[in-house]
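Engineer: Let's see this in three dimensions:
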Amino acid sequence: MNWTIDDINLSDMAFWRRPWAEREEAFKLLRRDAPITHYEEPSIEGSSIELPKGAGYYALTKHRDVAEASRNPGVFLSGPGAVSQMDLPPEMVEYFSGMISTDDPKHARLRRIVSNAFNPRNVRAIEDSIEKLASDVIDRAMKSGTGDFITDIAAPFPLEIICQMMGVPPSEYQTVLNCSNIILSSGDPDFVKEGSDPILAFLEAGATLTGIMEEIGKHRIDNPIDDITSALVNAEIESEKLTHQELASFFVLLVTAGNETTRTAIAHGLRALSEHPDQKARLVADYESLAKTSTDEIVRWASPVIWMRRTLATDYTLSGKDLKAGDKVLLYYSSANRDEDAFVDPYTFDVGRTPNDHYGFGAPGPHFCLGAHLARREITVMWRDLIARTPNIHMTGAASQLESTFVNGIKKLPYSF
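Structural biologist: Model (predicted):
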């Protein structure tokens, strides 16, 4: 499609239903001719719940602007809401996005408590589980796989790691997956049944996850074991502890953002390696020397989280654009990761790319992804094992795109070993 600036509406779901290549061309045009563009807020299709409409938002599409906003958290606030273009009620913001929708000093307090729970012993235990689960998931897929890479490998692998990490029993794994899909679906009809109210479905899924975590958390206070939940509920730093609501919000964040981003990166990895057999051949020949760079290139290529929102605390001029206090901006990580001014040949998939200053885990600043290390480890271990055990693995049909403005997801991906 030959885009014009006037054709592009990032608040229209029709835009996000377009093929990836067409969307990339639109962002290429925005970066060149209108890098900071204002859009009206979207309407939620099919919901009876009316959310207040604000004054819209500015889309930041350049790598440099996303970086500048991220490095100035005192001006570009997360607290009013990081994951919605619209201003949601404060209780909904805290309920669903927790730590990523806070600013200092609350953000620093939450991050300090959570970071303490991920101590070296707990991280080693998680990394050991990553090694074992990768092998188990591949074993199951090779024995009785469905032929869908998402169902067999990309979805269960990070989900089971997070559930084991938090002490969620296997009987709840499918429930956690279903709720995560609904929360991040943007109302995609494959996850929110036709005729259902997408906002109500979103709230019910969040309530289900919260219920699971609150029950586990209460039990772990008196019956701690070696898992992250026990470490979180019993952690006390300078007399500060997580409240039950904060623990539940962190769990919702973990099973949505932590699970979905890794799943999306692994899935896009198969797509990219199938479409670029020369790059796959490089990995088959020498995975170990390319492990780090290939993982980061897969994350850049996938850009699992498309954007995060910030709200201005004060007037600010960004790349010559005068922004006002109260204005909302969306940091388009996906566009920053294809910025011609930040990457050599950004539309080339290169498993040896270096340097690779991608924003697949967010841009530098206090909100850089706390789980980036573990996510990288999961992606590296899974692709190391797949390349070693099933070097002929490839997709056999087109990927089914998630209809979402927020997550660059893949719903289905046919494949063969």
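Engineer: ok, for Asn119, nearest residue in space, not its chain neighbours?
Structural biologist: Take Asn119 and drop its neighbours on the chain: the residue closest to it by Cβ to Cβ, 6 or more residues apart in numbering is Ala231, 7.2 Å away. Backbone N, C-alpha and C define where each C-beta goes, glycine included.
Engineer: Could you pull up the mean pLDDT of stretch 245-253?
Structural biologist: Stretch 245-253 carries an average pLDDT of 81.
Engineer: in it, what counts as buried?
Structural biologist: Glu246, Leu247, Ala248, Ser249, Phe250, Phe251, Val252, Leu253 (16 or more other Cβ atoms under 10 Å).
Engineer: if we can go back for a sec, what's the residue nearest to Asn119 in contact with, if anything?
Structural biologist: Neighbouring residues of Ala231 by Cβ atoms under 8 Å, 6 or more residues apart in numbering: Asn116, Ala117, Phe118, Asn119, Asn122.
Engineer: From these, which shows the smallest pLDDT?
Structural biologist: Within the contacts of Ala231, pLDDT reaches its minimum at Asn119, with 73.
Engineer: neighbours around that one, how many?
Structural biologist: Using other Cβ atoms under 10 Å, Asn119 has 12 other residues around it.
Engineer: State the distance from it to Ile183.
Structural biologist: Distance from Asn119 to Ile183, counting by Cβ to Cβ, to the nearest Å: 29 Å.
Engineer: How about Pro224?
Structural biologist: 28 Å.
Engineer: Asn72 now?
Structural biologist: Plainly put, Asn72 is 29 Å away from Ile183 if you go by Cβ to Cβ.
Engineer: Tell me which of those two has more neighbours.
Structural biologist: Shown here are Asn72 and Ile183; by other Cβ under 10 Å, Ile183 has more neighbours (24 against 16).
Engineer: In this model Asn259 seems to touch the more buried one, though I could be wrong.
Structural biologist: No: using Cβ atoms under 8 Å, Ile183 makes no contact with Asn259, being 10.4 Å away.
Engineer: Was I right to think Glu246 contacts Leu110?
Structural biologist: Yes: using Cβ under 8 Å, Glu246 is in contact with Leu110, at 6.6 Å.
Engineer: Now list whatever residues contact both of these two.
Structural biologist: Contacts common to Glu246 and Leu110, judged by Cβ under 8 Å, 6+ apart, are Gly98.
Engineer: so how far is Ala125 from the residue located most distally from the centre of the chain?
Structural biologist: In the chain, counting by Cα atoms, centre = their mean, Asp222 sits farthest out from the average C-alpha position, at 33.0 Å. Using Cβ to Cβ, we find Asp222 at a distance of 22 Å from Ala125.
Engineer: Same check on Gln85?
Structural biologist: From Gln85 across to Ala125, the span is 38 Å (Cβ to Cβ).
Engineer: ok, these two, which is more surrounded?
Structural biologist: Neighbour comparison, Gln85 and Ala125: the larger count goes to Gln85, with 22 against 15 (by other Cβ under 10 Å).
Engineer: So, low pLDDT: which residues of the stretch 301-417 of the chain?
Structural biologist: Counting by pLDDT under 70, the stretch 301-417 of the chain contains no low-confidence segment.
Engineer: all strands for it, in order.
Structural biologist: Ranges of strands in the stretch 301-417 of the chain, per DSSP state E, counting those that start in this stretch, are 307-312, 316-318, 321-323, 328-332, 394-395, 400-401, 410-412, 415-416.
Engineer: And for the stretch 51-200 of the chain?
Structural biologist: 57-60, 76-77.
Engineer: now the helices for the stretch 301-417 of the chain?
Structural biologist: Residue ranges of the helices in the stretch 301-417 of the chain, as given by DSSP state H, counting those that start in this stretch, are 333-336, 372-389.
Engineer: can you put those helices in TSV and add distance to Pro52?
Structural biologist: Output for those, formatted as TSV (distance: least, Cβ to Cβ, whole Å):
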stretch	distance to Pro52
helix 333-336	27
helix 372-389	34
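Engineer: Point out the most buried one among the ones you listed.
Structural biologist: helix 333-336 (a mean of 27; mean count of other Cβ atoms under 10 Å).
Engineer: and that one, what other elements does it pack with?
Structural biologist: helix 20-33, helix 63-70, strand 307-312 (3 or more Cβ pairs under 8 Å, 6 or more residues apart in numbering; DSSP states H and E).
Engineer: Repeat the analysis, applying 7 Å as the threshold.
Structural biologist: Other helices and strands packing on helix 333-336, by 3 or more Cβ pairs under 7 Å, 6 or more residues apart in numbering; DSSP states H and E, are helix 63-70.
Engineer: Can you tell me which of the buried residues of stretch 245-253 is nearest Ile8?
Structural biologist: Of all the buried residues of stretch 245-253, Leu253 has the smallest distance to Ile8: 30.3 Å, by Cβ to Cβ.
Engineer: other SSEs contacting the host helix or strand of that closest one?
Structural biologist: Here Leu253, judged by DSSP states H and E, is contained in helix 244-253. Applying 3+ Cβ pairs under 7 Å, 6+ apart, we find helix 244-253 packed against helix 90-97, helix 198-222.
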